[in-house]
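# Build me a model from this:
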Amino acid sequence: MWIAVGVALAVAGVIVWSFRRGASGADEAPEPGWDWESRLEENARVAFMEGLRACHDRAVVSEERGVLRLFEPPRVISLPLLADRFAARGQDGLHDPEGVVRELVEWCAATERPGVLHLSEGLPAGEADGMDGAAFGAAVRELVRPGSPAGGSWYLDEAGGCLEVVVPGEYATTLLLDLGRVHERYRAARGERAGMPAGAVLRDVVFGLIAADGPGLTWTRPPSERHRTAVLAAGRTAPEHRTAG
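Next up, the predicted model:
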């Protein structure tokens with residue numbers, strides 16, 4: 001009899017545990033921690049994260065910077081852009097999150113657009129004014145984010161040749177720079193300004209590109225004037241000795 005009572009209590013315990021687990025939301029998504037997550041309602045957020053996890057063999061996600069880095073072809077894709085597109089798919093995304101996320105990533109990878117940056121193959125090869133690829137990337141980073149320690153506020157992707165810099169403001173957005181194209185513009189400008197210090201040339205190239213908002217850069221969210229002003233202000237104060245030359 002005691003055995004029967006024990007079994008009954010054990011079964012009841014499992015039922016109560018299961019009920020409480022469901023009621024407490026243990027299988028539900030956590031509260032959104034990043035801006036791009038808050039664009040999705042709870043069920044869509046769970047499904048979207050499931051779809052992102054299925055891309056682990058071909059991409060890596062930087063949640064704090066709102067970026068998905070695609071290995072092949074080398075692309076950087078805004079997570080807010082992906083989240084908005086996923087939300088627009090409605091029930092399709094809930095029923096087949098892996099398929100929908102895969103389709104959206106392919107769509108983004110196909111064409112460069114706001115929120116999507118097509119990258120050159122890694123950091124630039126060869127030297128420019130004594131800077132190899134890694135030194136060149138570090139010099140650009142020091143101009144855009146002077147004196148900032150490594151961490152969530154910036155990331156230098158040496159494999160993809162991309163600089164990611166978080167710019168705070170009324171909302172956070174991440175500036176994405178293709179260092180391969182920055183390098184091309186630098187070499188062209190250096191040839192025209194042979195007597196100019198290398199650091200000054202690089203500063204003009206980098207901040208000229210940011211001011212023009214042309215090919216070679218994008219943002220994870222459209223920047224406000226406050227974001228642009230904050231970034232361009234670094235160009236007015238960056239001393240030349242921080243770069244080669």
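
# Who are the contact partners of the residue most central in space within the chain?
Nearest to the mean C-alpha position of the chain, counting by C-alpha atoms, centre = their mean, stands residue 67 at 2.1 Å. Taking C-beta atoms under 8 Å, 6 or more residues apart in numbering as the contact definition, residue 67 lies against 61, 76-79, 164, 174, 176, 220. C-beta: built from backbone N, CA, C; applies to glycine.

# And the furthest pair within these?
When C-beta to C-beta is used, the two most widely separated members of the contacts of residue 67 are 61 and 176, lying 14.4 Å apart.

# Between these two, point out the one with more neighbours.
Just comparing residue 61 and residue 176: by other C-beta atoms under 10 Å the higher neighbour count belongs to residue 176, 26 against 18.

# and residue 90, backbone torsions?
Backbone dihedrals for residue 90, given as degrees, to the nearest 10, come out at phi 60, psi -130.

# Look up how far residue 222 lies from the closest residue to residue 224 other than its chain neighbours.
With C-beta to C-beta, 6 or more residues apart in numbering as the criterion, residue 224 has its nearest non-adjacent residue at 5.8 Å, and that residue is residue 169. In this view, residue 169 and residue 222 are 11 Å apart by C-beta to C-beta, to the nearest Å.

# The two: which is more packed in?
Between residue 169 and residue 222, counted using other C-beta under 10 Å, the more crowded position is residue 169 (15 against 12).

# does that one sit in a helix, a strand or a coil?
The three-state label for residue 169, taken from DSSP: H, G, I helix; E, B strand; the rest coil, comes out as coil.

# I figured it was touching residue 230, is that so?
Yes - distance between residue 169 and residue 230: 6.8 Å, which falls inside the contact criterion (C-beta atoms under 8 Å).

# show me where this structure has strands.
Read by DSSP state E, the chain holds these strands, from start to end of the chain: 59-62, 67-70, 75-78, 116-118, 154-157, 162-167, 173-178, 217-219.
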